[in-house]
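> only geometry, no sequence info:
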């Protein structure tokens, strides 16, 4: 039963999402640890060394904490252990929360409430949102859904399946580090160097698996899977990240839309390359379709892992 903890965690997350808790979300707690250590490490003059210390310390703290919790759970009976460990593992996933949090933006757009749409969008993206108009907000939601399909679902599930809940949390710790200190600006270029590089390495395989599952989803949902394949092959390198382009380009192709383009960061507009072809103008319908891709891709990937593990166990 331990071999299928990833499945139990997936079901918990997809059904319940992140329930109200009396304690901070584990990933939020990792973020607080990162901020605390970052403030301490400001005294280290060699910024790359300071960043490496941060990375290693956060990984060790995360692994020991999760490993320790698992051993505490083992003090209970088998089924309680499975339930508690599955709940713990579900915190590495963000299927339902990604849907619900981004839907708040879509709902505000449906009411032509740009102020609320911008505010809600600011909670789920790192870009500046105060000047964004309807089209750019819609684009931002779809980009966030497609990118986090990998970071919040496929990648943690991948590491959960091969290394258990500890591996899933270590991945999320590195991914959180990248989102907090992995910027290529004067402040974080050296400090976040190792965190960004390790995040790229850890996402290399999952990102490409995400692209494949999106193609399968597009085929099942009768979206434009042929264009999804062509755009993914053509445009996956149009993003600075060596990984996020796979899912974003596949989604853009499947929905026959164009993503990317000028985007505001830290008070300046950055000219990002376009992804996909503007066969259709961006609308709220495309956000809804991206949710179908989100859930279908997640289920496909879980089924693939389940079948691999099932037949592997059966043969042994």
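Looks like it arrived, so ask away. Since we're looking at a predicted model, the values are computed, not measured. Numbering: from 1, shown residues only.
> For residue 211, give its distance to residue 271.
Note on residue 211: its distance to residue 271, by C-beta to C-beta, to the nearest Å, is 24 Å. Using the backbone N, CA and C atoms, a C-beta is placed for each residue, glycine as well.
> Neighbour count for those two, which is higher?
Between residue 211 and residue 271, counted using other C-beta atoms under 10 Å, the more crowded position is residue 211 (27 against 9).
> Next, the more buried one: phi, psi?
With angles defined as degrees, to the nearest 10, residue 211 sits at phi -60, psi -40.
> Over to residue 274?
phi -80, psi 150.
> That one reaches residue 259, doesn't it?
Yes. Residue 274 is in contact with residue 259 according to C-beta atoms under 8 Å; the separation is 7.3 Å.
> Show the contacting residues for the residue most central in space within the chain.
The centroid of the chain falls nearest to residue 151 when counting by C-alpha atoms, centre = their mean (2.4 Å). Residue 151 sits next to 175, 203, 244 when contact means C-beta atoms under 8 Å, 6 or more residues apart in numbering.
> quick revisit: more neighbours: residue 274 and residue 259, which one.
Between residue 274 and residue 259, residue 259 has the larger neighbour count (other C-beta under 10 Å), namely 28 against 15.
> Okay, now the sheet partners of the helix or strand containing the more buried one, with direction.
Residue 259 belongs to strand 258-260 when assigned by DSSP states H and E. Sheet pairing of strand 258-260 (DSSP bridges) gives strand 274-276 (antiparallel).
> If you count contacts, what does the following helix or strand past the partner strand end up packed against?
Using DSSP H and E, the helix or strand that follows strand 274-276 towards the C-terminus is helix 284-315. Where contact means 3 or more C-beta pairs under 8 Å, 6 or more residues apart in numbering; DSSP states H and E, helix 284-315 is packed against helix 5-16, helix 95-110, helix 134-149, helix 155-181, helix 193-220, helix 244-255.
> between those helices, which one is nearest to residue 81?
Closest approach to residue 81 among the helices and strands packed on helix 284-315 (C-beta to C-beta): helix 5-16, 10.0 Å.
> Which elements pack onto the closest one?
With contacts defined as 3+ C-beta pairs under 8 Å, 6+ apart, the packing partners of helix 5-16 are helix 78-90, helix 95-110, helix 155-181, helix 284-315.
> May I see the buried residues of the longest one?
Read that as helix 284-315. Across helix 284-315, burial judged by 16 or more other C-beta atoms under 10 Å covers 286-287, 289-291, 293-302, 304-306, 309.
> do stretch 51-70 as well
Buried positions in stretch 51-70, judged by neighbour count with 16+ other C-beta under 10 Å: 51-55, 58-59, 61-62, 65-66, 69-70.
> Next, format those as JSON lines and append pLDDT.
Below are the buried residues of stretch 51-70 laid out as JSON lines (pLDDT from 0 to 100):
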{"residue": "51", "pLDDT": "96"}
{"residue": "52", "pLDDT": "97"}
{"residue": "53", "pLDDT": "97"}
{"residue": "54", "pLDDT": "97"}
{"residue": "55", "pLDDT": "98"}
{"residue": "58", "pLDDT": "98"}
{"residue": "59", "pLDDT": "98"}
{"residue": "61", "pLDDT": "98"}
{"residue": "62", "pLDDT": "98"}
{"residue": "65", "pLDDT": "97"}
{"residue": "66", "pLDDT": "98"}
{"residue": "69", "pLDDT": "96"}
{"residue": "70", "pLDDT": "96"}
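> Can you tell me which of those comes closest to residue 187?
Nearest to residue 187 among these: residue 51, at 11.3 Å, using C-beta to C-beta.
> right, and the secondary structure at that closest one would be what?
Following DSSP: H, G, I helix; E, B strand; the rest coil, residue 51 is assigned to helix.
> Once you drop chain neighbours, what's closest to it?
residue 191 (4.3 Å; C-beta to C-beta, 6 or more residues apart in numbering).
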